[in-house]
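K.L.:
Return atomic coordinates for the entry below.
(chains A, B, C, D, E, F, G and H)
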Number of protein chains: 8
Amino acid sequence: MEQNNLKDLLMEVASGRADVTDAMDKINNSGFAELDFAKVDLAREKRNGYPEVIYGEGKTAEQIVGIMQVMAQNKLNILGTRISKEKFEIIKESNQNAVYFEKARCVTVTNHEIPTTESYVAIVTAGTSDMDVAEEAAITAETYGNKVERVYDVGVAGISRLFNRLDVIQGAKVVIVIAGMEGALASVVGGLIDSPLIAVPTSVGYGTSFGGVTPLLTMLNSCASGITVVNIDNGFGAGYSASMMNHL
Amino acid sequence: MEQNNLKDLLMEVASGRADVTDAMDKINNSGFAELDFAKVDLAREKRNGYPEVIYGEGKTAEQIVGIMQVMAQNKLNILGTRISKEKFEIIKESNQNAVYFEKARCVTVTNHEIPTTESYVAIVTAGTSDMDVAEEAAITAETYGNKVERVYDVGVAGISRLFNRLDVIQGAKVVIVIAGMEGALASVVGGLIDSPLIAVPTSVGYGTSFGGVTPLLTMLNSCASGITVVNIDNGFGAGYSASMMNHL
Amino acid sequence: MEQNNLKDLLMEVASGRADVTDAMDKINNSGFAELDFAKVDLAREKRNGYPEVIYGEGKTAEQIVGIMQVMAQNKLNILGTRISKEKFEIIKESNQNAVYFEKARCVTVTNHEIPTTESYVAIVTAGTSDMDVAEEAAITAETYGNKVERVYDVGVAGISRLFNRLDVIQGAKVVIVIAGMEGALASVVGGLIDSPLIAVPTSVGYGTSFGGVTPLLTMLNSCASGITVVNIDNGFGAGYSASMMNHL
Amino acid sequence: MEQNNLKDLLMEVASGRADVTDAMDKINNSGFAELDFAKVDLAREKRNGYPEVIYGEGKTAEQIVGIMQVMAQNKLNILGTRISKEKFEIIKESNQNAVYFEKARCVTVTNHEIPTTESYVAIVTAGTSDMDVAEEAAITAETYGNKVERVYDVGVAGISRLFNRLDVIQGAKVVIVIAGMEGALASVVGGLIDSPLIAVPTSVGYGTSFGGVTPLLTMLNSCASGITVVNIDNGFGAGYSASMMNHL
Amino acid sequence: MEQNNLKDLLMEVASGRADVTDAMDKINNSGFAELDFAKVDLAREKRNGYPEVIYGEGKTAEQIVGIMQVMAQNKLNILGTRISKEKFEIIKESNQNAVYFEKARCVTVTNHEIPTTESYVAIVTAGTSDMDVAEEAAITAETYGNKVERVYDVGVAGISRLFNRLDVIQGAKVVIVIAGMEGALASVVGGLIDSPLIAVPTSVGYGTSFGGVTPLLTMLNSCASGITVVNIDNGFGAGYSASMMNHL
Amino acid sequence: MEQNNLKDLLMEVASGRADVTDAMDKINNSGFAELDFAKVDLAREKRNGYPEVIYGEGKTAEQIVGIMQVMAQNKLNILGTRISKEKFEIIKESNQNAVYFEKARCVTVTNHEIPTTESYVAIVTAGTSDMDVAEEAAITAETYGNKVERVYDVGVAGISRLFNRLDVIQGAKVVIVIAGMEGALASVVGGLIDSPLIAVPTSVGYGTSFGGVTPLLTMLNSCASGITVVNIDNGFGAGYSASMMNHL
Amino acid sequence: MEQNNLKDLLMEVASGRADVTDAMDKINNSGFAELDFAKVDLAREKRNGYPEVIYGEGKTAEQIVGIMQVMAQNKLNILGTRISKEKFEIIKESNQNAVYFEKARCVTVTNHEIPTTESYVAIVTAGTSDMDVAEEAAITAETYGNKVERVYDVGVAGISRLFNRLDVIQGAKVVIVIAGMEGALASVVGGLIDSPLIAVPTSVGYGTSFGGVTPLLTMLNSCASGITVVNIDNGFGAGYSASMMNHL
Amino acid sequence: MEQNNLKDLLMEVASGRADVTDAMDKINNSGFAELDFAKVDLAREKRNGYPEVIYGEGKTAEQIVGIMQVMAQNKLNILGTRISKEKFEIIKESNQNAVYFEKARCVTVTNHEIPTTESYVAIVTAGTSDMDVAEEAAITAETYGNKVERVYDVGVAGISRLFNRLDVIQGAKVVIVIAGMEGALASVVGGLIDSPLIAVPTSVGYGTSFGGVTPLLTMLNSCASGITVVNIDNGFGAGYSASMMNHL
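P.N.:
A predicted model of the protein is given here:
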């Protein structure tokens, strides 16, 4: 509860305008809807600036539908991540306006329009196989009202591909770099721009790529400054943070 | 080389105003000073928005002095990190206006003034022992012209200490959370703010903290959104990225 | 063999009331039933206070049925863990009074009634996906005669959900906290209670959660005191230890 | 803030007996003393049942003295852990009644007497080298008012040493088992008792003991039930949790 | 080539009894049959005392049949390990006297009889789930002419089960201890016997058992002397080494 | 862009023979074909001496076909690796002259003939199961115009098999050693030759072979000099590097 | 307690020849001397065939002296390992007949003569730096009455050095192979002998040798059969097990 | 022993020109000098093309002097690596013509002149701190008769520094890339050249660089082809392999 609201509330109690029991409820209850299997955080958009996101992994289609209904009732925009096509088929039945992005494995429902930024987020990938993670980042950023530019398959093995698109990357307010294998692209891009760079390691590779641990380590140890890192394959997290920065 | 500059240069060559050899040099040479032991990147401020930083670890005091001289000649502001007090004593002799920050282990020299932001970066630590890393982040951000608010020793074991300073944290444009041991503070703060959060794991702890690997993993896997992470004990990197975001 | 019993036995031998060969058997044989594939520990309830538990992983339904028969003959209450629905269908045929808990993947058979405690064990989870492990803990604790309160989906990303149920948690004699991803919930709860806290990391998460290693490390390094930890996904172990403590 | 207190406070505001600003302070301020380098948690004893503990690692003697003064002023009993003999010499000067336990590396100051339990905590070690960690656990438990029985050097390589002291171990309300190398002692003891067992891995060993990781893993995977685990060398944590359980 | 044989050969060359080219062949050629996909080591029984073993993993049934034919032609006894039932069905067709051991996943063909030792190898397991690895060890030892005593399911959680069979274990010339989870059984047995103990960690367990790494580490760090260790689930290796020792 | 070409281009601009916009394109554009899902590097053969290789893992058959069409149009020889038989069936339909190597899982298309070296690359494997990786190396080297000698199944357990083929190995200009399990073969061969040795660890093995990490570590720590190492199972990388060396 | 002894004891109780309390003591007390800091296992020679060994690491010279006195009083031969020269100087003062082996860092005291075996243990090392561990193994084996042959510095990089000494190795009853770096020597020797091989990894090496983990993994995954492994740098363990085998 | 030599020897034996015992010696003895502490491989230059190198780590100055004497007597050129300045002072006394390279920590003695190649090895480093490892590589290559070009401090954070020296790198017959931190330089260079690239990870960095493991993983997973890798900080190994390739 914010300090100003707390003060106002106490003033109302002091003046007799508010009831003690109601005040207690307001202080304790931070606004969430209780389902059998989940407590849906309805105040999150107010608190964090963005509505709660439905992480689909490990939830049944029915549970996802339940959460979406509560959110729709509260006119919240919906973003569901890591949702398989099979689950979406079930979700679709009770949510006619739900949209599915197959590469990104995301579902969105627009319950109220939001404006799109003029500045853009550049999403840069090293290879073709990093595209799914990139799309999760892109859909997340777009859902939160960001203009997105995609610069895909520009890994350092053929560095001229990168230089050819450098103007698009340098023009972005925020840059997301997504790479598997050795993840060197983050360092190279980081040395060429003056905007924040969010690096996303992917599980693309084999042997000692260790499911993405290698590009993660590469990115954490980058000799270029201005790079921060998210979890392996966490396209959503990168898109979310990029949106926060792009809205600054 | 930026596209516009390249075009201009080629136009000059075409018109005979520029010499072919000079043009080649300009395209190839990106502006650095060659020392015996280092190539000092002088164009970095133009390219990245910030002058090159001197990472003191593994460099002798003499090497640091040499790099500082080149930077001073080019009127660049200087930030040296991971510099011991012993090295600073030697540096001080040839740099009368060098300032040392002992907890942060940083040296700064102001060769031209830069304005300070109105918005601020909040630097939040879990415990007393995280303070050195926090100061490296703070001095870095301040050197790059950012207002900084320090909120130290508010770890989750006594969560009311955190809530008492929540208004300062929520008022920041960017928040840095610094924690060792289990690093849970990042998740808790991340759930309470709507601005970008940079998490810094520290090597504070023993046994299975594994020199900071545990809080690093905690921060990478945070259930709160909007968190990006830098290397263990990398106060500089957090301060640098925070500055980039605070200037957006 | 307990000291008193040993003394009694030797006295009986000394007085001729007991036979030497029988005495040797009694000293050596601590009371188990020998099956082809297992030695069922029948004295365990006497020695440890609880009957042996059937760990279903890697045992065939037939082996489980065999062990259950021996236990039933000895009037022992039965708890089987990690038993799939398929195995239960076979078990059910020869055990009409066997009960199956699907989320918990547990089978119980009550062969003698035991009283339920007045004090309760609170079982707290961070997310919806931690529920299966939580139910294994809950069924275990209930089978051993403990009153259980479930407080599910109160992870730190929306910390007010936790505070809203804090009275239930603070009223418990023992608290079990179950969390995957970064596992920060254990530290936050640990800082708010004065009863023992058993932390259970779960394999919920992806990338650097490393199948539950990350929340395990978080919990082992908690800055809050009074926390002890069990193996990843070990709901049974937490429920068992909580029962021991709740009965103190 | 507890619910009852909150209700009372709001009632006082409603009746005009309490001032709005004061009420806000009370809700926000959870009772800690702010030093330059630390926020000392004074309400912890009320909240957690035990006063805050001073973790000496990474704190200067001066900082420790400062925290002790604040605690003494509040009549709190003091326990400082991981404090070297050198630091204690300085602490001693301003705290005449401070007591030092060299093997345990602990400092205690008794500012108010507390009763000792009748039931006891048994502390069992595998070898001579585990004794320092054991003493940290013992001093912690004793400082918090627990009777302690020490059963040292009874590792499984000579299992009769253990059996000879089994009655003492079986008579305890809580058992702490401390072992390095392969840590097998925890499983053996766990199979012989019906009280909660807290296992503490130590960094005793070489090669693949990996600084205590091996006994930690052993203890987490114990085939015996009723075992919970704390961080490597965390004698304090074991003593603290044992005290909680012994006071149930 | 052994020194004596080499000397004899050179003598024969010197005396003209042997041809130079033949001698070169003998020195170079150590006696193996070259198949398309393998070089079958026929001299191994002479060199190592045991015929080559067919490791079935990653070989097709056809390749196994081919190797068996060459061995049969050379009157070598055959042991094939890690052979699935499906592969055996194919092998059986062209090897009427091949015998399959399902739990052990081994195939044997007796092409010449060998005597059985009077001394025996004791094979001790902690749990029911370790039985497959134990049977691989047992069949290996028996195939190489060793008497074997099986002592299964005597893990330390119910230590009296072990003591009841201690005479069998203590009477063995060599003891193999097979355990998963935390692997503590090896240390306990090691402290009670005066014969060599070969410890085999198994991949039985979950979470932090890490597929057998935990019992492996336990066994390598055992506080009991006289224990040597083989790879995870390597029943064959244990049976082979035990046979070597039993034949000393 | 090479220095000579750059100079020529600038001269043309200076003389008016070249247009400014065209020159910019040439400097920026390093010759690749842009597809929807990939940027095919057509200049690679000029820059690196070899055409781009199609890494089939994570690409659909359709994407592979698309890339092959662009390469065929540019008369580039094609090598596709990690392509399953299923994908090849689809590829075959639109590429009649595509050849599939099943063990190697490679596809090749010869769009222009290249000469074969007189010197050869020896490819040496420890066991039968390493053959797939060996074939990937062999097909790669052969596709790039190298003569290859295969020396398979000569692991150190029967070292005479190796010595028997030593002349072939010692006669090679470059040697590739491929081994799983403990990977000792690389050290033994390395001590017997005076040509460069490329070591390839394979994921053959179980338990603590950790999917090839063990032979990788063995090879990196070899006591023999002249050994360099590639990623686990990276037959292609070894064949490619060997080709580079064989063409020196 | 052995079964025969137990039966005898019970017979004596039954016949009145033995007292009940004495019998209880005998069953419980397995013969150790209780010091302040240790329980010295005096029955170990009877139970395990060898007297207890004093592991010097983490024990003070005074503690070691104390244990040696108890052992001397019981006429036990003494072997102390991991004892620095500094500690030995103190030990020497009260043990005039103590002998120090500097490379092995062992102390021995002969309190009763034991015969030496005719068969011998061969101790084989890869390099000069493995010699300290080798000497620990050699002194251990010699102290326990074994003839030892040392074959040092015969690593696989110059494999002819090994072949030159092969007759000595092949003539041994038991072979110990000691190697750091990549540890390949164990596999090569294992393929050439028909006696048990104990492999000892050493911490010799740098970078990815990881303090001996690499040769440990090499040895556990050896393609040669008949190899068992002990902990890194565990010369004592190898010498002890070799002695057990050599006495079979 | 090479095949031709073996045949000749046997012919001599057959013809009576050679004695049987002498022949045996020649077959067995591959030419090494036996010291107390080492077997110096004198035939190595003949067998491997290069004389044995003295790895100084873990050898005393006296041992190094001894080996150098034997090598000098055999007119072998000497290269000693990882030799501290302190050890060199002692070595210098008995080797007046020994030369010390301080950064490289190498000692060389030229006992016979060797020609220098016309083609050169380029040694490229990312930062100033990688220079020591680079010099070890450079001195190694130069000692073995290679022309070397040093291109230092051209890390990817300021990529124009690299491009400015690209012609030197592209002109080399073999390229060594040396980098710590994230090691991305290897991939970038690898994408720009058509000669073999040997990558050397260094232990430069902190936190998650894990002593060089991170750049090692980066290099093993490089998306650029033609890269092979050596152990962390292994400048010698890279220089040695580069020399082999440069002499092809």
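K.L.:
mean confidence score for stretch A:17-27?
P.N.:
Mean per-residue pLDDT for stretch A:17-27: 64.
K.L.:
how about A:Leu79, secondary structure?
P.N.:
Following DSSP: H, G, I helix; E, B strand; the rest coil, A:Leu79 is assigned to strand.
K.L.:
which residues does it bridge with?
P.N.:
With DSSP bridges applied, A:Leu79 shows beta-bridge pairing to A:Thr108.
K.L.:
ok, now which ones touch it?
P.N.:
Contact analysis of A:Leu79 by CB atoms under 8 Å, 6 or more residues apart in numbering or on different chains lists A:51, A:53-54, A:106-108, A:139-140, A:143-144. In short, each C-beta sits where N, CA and C put it, glycine included.
K.L.:
ok, it to A:Val174 distance?
P.N.:
Here the distance between A:Leu79 and A:Val174 works out to 18 Å (CB to CB, to the nearest Å).
K.L.:
The contacts of A:Leu79 in strands, which ones?
P.N.:
With DSSP state E as the criterion, strands contain A:54, A:106-108 from among those.
K.L.:
Residues of chain A that sit close to chain C?
P.N.:
Counting by CB under 8 Å from any CB of the partner chain, chain A comes close to chain C at A:28-32, A:37-39, A:41, A:43-44, A:52, A:57-59, A:63, A:203, A:211-213, A:216, A:231-234.
K.L.:
buried subset of those residues?
P.N.:
Among the residues of chain A next to chain C, those classed as buried by 16 or more other CB atoms under 10 Å in any protein chain shown are A:28, A:30-32, A:37-39, A:41, A:43-44, A:52, A:58-59, A:63, A:203, A:211-213, A:216, A:231-234.
K.L.:
Just checking stretch A:123-139 against chain B, any contact.
P.N.:
No - judged by CB under 8 Å from any CB, stretch A:123-139 and chain B are separated, with a smallest distance of 12.6 Å.
K.L.:
CA-only coordinates of that stretch in CSV, if you can.
P.N.:
Output of stretch A:123-139 as CSV, limited to C-alpha atoms (Å, rounded to 0.1, in the frame of the first residue of the first chain):
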residue,chain,number,x,y,z
ILE,A,123,15.7,-7.7,-31.5
VAL,A,124,18.9,-9.2,-32.9
THR,A,125,19.6,-13.0,-33.3
ALA,A,126,22.7,-14.9,-34.2
GLY,A,127,21.1,-17.7,-36.1
THR,A,128,17.9,-19.2,-37.5
SER,A,129,17.4,-21.5,-34.6
ASP,A,130,17.2,-18.6,-32.1
MET,A,131,14.1,-17.3,-33.8
ASP,A,132,11.5,-18.9,-31.4
VAL,A,133,13.0,-17.2,-28.4
ALA,A,134,13.2,-13.9,-30.4
GLU,A,135,9.6,-14.1,-31.3
GLU,A,136,8.6,-14.6,-27.6
ALA,A,137,10.5,-11.4,-26.9
ALA,A,138,9.0,-9.6,-29.8
ILE,A,139,5.4,-10.5,-29.1
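K.L.:
Would you mark the buried spots in that stretch?
P.N.:
For stretch A:123-139, the neighbour count (16+ other CB under 10 Å) marks A:123-139 as buried.
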